[in-house]
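Engineer: Just to be clear, the model below is a prediction. Sequence and coordinates:
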Amino acid sequence: MRKYLIISLILIGSISKAQRLTSHSYIGEKYNYSIKFGWFKVGKVTISSSNRFIYEGGKRYFDTKITAGTAGLGGIFTDFKGDFTTKIDATTYMPVSSYRNMKSSESDNRRTDYYTFNGDSVHIKTVRHKNNKIDERTLPYTTMYDTPTAIMQCRLLNLSNATPNQSLGKINVFWNKTVYPVSAKYAKKEETKHNGKKMYVHKVYLYLPESGFLKDKKPVTAWLSADGRNVPLRFEAYTRYGTIKCYLTDDL
């Protein structure tokens, strides 16, 4: 399962020190991505959000969902499919509940994590749906993210005045029983082509936890649209086995 963690984290940015963007609501969005290993397509990812806000107890929430699975050549080696659905606090952009359904030839992982923030700590209640087992833990962190909300932190970055080599801070990502630190550094603003159209992007380096999967501790490189929305356009991760590329297939 650790390799699925690394692939999920490839989609993650981090913000703790950078100024946030607040003018974009992220409601009703849907983006499709293709994953390549070398020259071969091995997977696909869709990231979407609910079409409207949810109001409960005077607070505002929305849902975001990541659907991932093998495709093309990747289907030869495994039949991985994963759904990540998170209820997000629309003020703090932190998770309220996070449902995960991951299936492959190796395992069947269905669980929901419930997050309760108490100032200087976070309480996480985990329900494993296969056997209805419940685990609870309190961790000494003021903030905590799952995969969808970690991606949201990347979208919230205000990079308009960022400078080369500027630290963009660090966030903590909860996966299974472990907290993983993810940090980021700004590289530069540059011009690129997306689906044949010229556009400006922000190039960012993402530093993921050490593992035997990534090559020589190299960061993941991310390119985000420089139009105020920070839509992830492309990611490249350098692994021991070759380069993984994840790129947006939709027009902006």
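Structural biologist: Good, I have the coordinates.
Engineer: for Ser29, what are its contacts?
Structural biologist: Wrong residue type there; residue 29 is Glu, not Ser. 47-49 (Cβ atoms under 8 Å, 6 or more residues apart in numbering). (C-beta placed from N, C-alpha, C; glycine too.)
Engineer: Give me the phi and psi for it.
Structural biologist: phi -90, psi 150 (degrees, to the nearest 10).
Engineer: who does Leu206 bridge with?
Structural biologist: With DSSP bridges as the criterion, Leu206 is bridged to Ala184, Val220.
Engineer: which regions of the stretch 101-250 of the chain sit below the pLDDT cut-off?
Structural biologist: For the stretch 101-250 of the chain, applying pLDDT under 70 flags the ranges 105-106, 210-216.
Engineer: What segments of it are helices?
Structural biologist: Per DSSP state H, counting those that start in this stretch, the stretch 101-250 of the chain carries helices over the ranges 147-156.
Engineer: before we move on, back to that, of the contacts of Glu29, grab the buried ones for ChimeraX.
Structural biologist: Typed into ChimeraX, the line below selects the buried ones among these, using 16 or more other Cβ atoms under 10 Å:
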select :47,48,49
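Engineer: Now, the contacts of Glu29 that are in strands?
Structural biologist: Members of these lying in strands (criterion: DSSP state E): 47-49.
Engineer: closest to Pro209 among the residues you listed?
Structural biologist: Ile47 (21.8 Å; Cβ to Cβ).
Engineer: Hey, what's the angle from the strand or helix carrying Phe84 to helix 147-156? Just curious.
Structural biologist: Phe84 belongs to strand 81-89 when assigned by DSSP states H and E. Interaxial angle, strand 81-89 versus helix 147-156 (axes from the mean of the first three to the mean of the last three Cα atoms, to 10 degrees): 60 degrees.
Engineer: Could the C-alpha coordinates of strand 81-89 be exported in PDB?
Structural biologist: Coordinates of the C-alpha atoms in strand 81-89 are reproduced here as PDB (Å, rounded to 0.1, in the frame of the first residue of the first chain):
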ATOM      1  CA  LYS A  81      -9.200   1.400  -8.200                       C
ATOM      2  CA  GLY A  82      -9.500   4.100  -5.600                       C
ATOM      3  CA  ASP A  83     -12.200   6.600  -4.500                       C
ATOM      4  CA  PHE A  84     -11.300   9.300  -2.000                       C
ATOM      5  CA  THR A  85     -14.300  11.500  -0.800                       C
ATOM      6  CA  THR A  86     -13.800  14.200   1.700                       C
ATOM      7  CA  LYS A  87     -16.200  16.600   3.500                       C
ATOM      8  CA  ILE A  88     -14.300  19.900   3.800                       C
ATOM      9  CA  ASP A  89     -14.800  22.800   6.100                       C
END
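Engineer: Direction included, what does that strand pair up with?
Structural biologist: As assigned by DSSP bridges, strand 81-89 forms pairs with strand 59-70 (antiparallel), strand 95-103 (antiparallel).
Engineer: Among these, single out whichever gets nearest to Met199.
Structural biologist: strand 59-70 (24.1 Å).
Engineer: With distance to Gly69 and pLDDT as new columns, can the ones in strands among the contacts of Glu29 be given to me in JSON lines?
Structural biologist: Converted to JSON lines, the ones in strands among the contacts of Glu29 look like this (distance: Cβ to Cβ, whole Å; pLDDT from 0 to 100):
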{"residue": "Ile47", "distance to Gly69": "13", "pLDDT": "93"}
{"residue": "Ser48", "distance to Gly69": "15", "pLDDT": "94"}
{"residue": "Ser49", "distance to Gly69": "19", "pLDDT": "94"}
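Engineer: Among those, which one sits closest to Val220?
Structural biologist: Ile47 (16.5 Å).
Engineer: For the closest one, give me its contacts.
Structural biologist: 11, 29-31, 33, 64-66, 148, 151.
Engineer: possible to save those residues as a markdown table with distance to Thr116?
Structural biologist: Below are these laid out as a markdown table (distance: Cβ to Cβ, whole Å):
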| residue | distance to Thr116 |
| --- | --- |
| Leu11 | 25 |
| Glu29 | 27 |
| Lys30 | 30 |
| Tyr31 | 30 |
| Tyr33 | 32 |
| Thr64 | 19 |
| Lys65 | 22 |
| Ile66 | 23 |
| Pro148 | 18 |
| Ile151 | 22 |
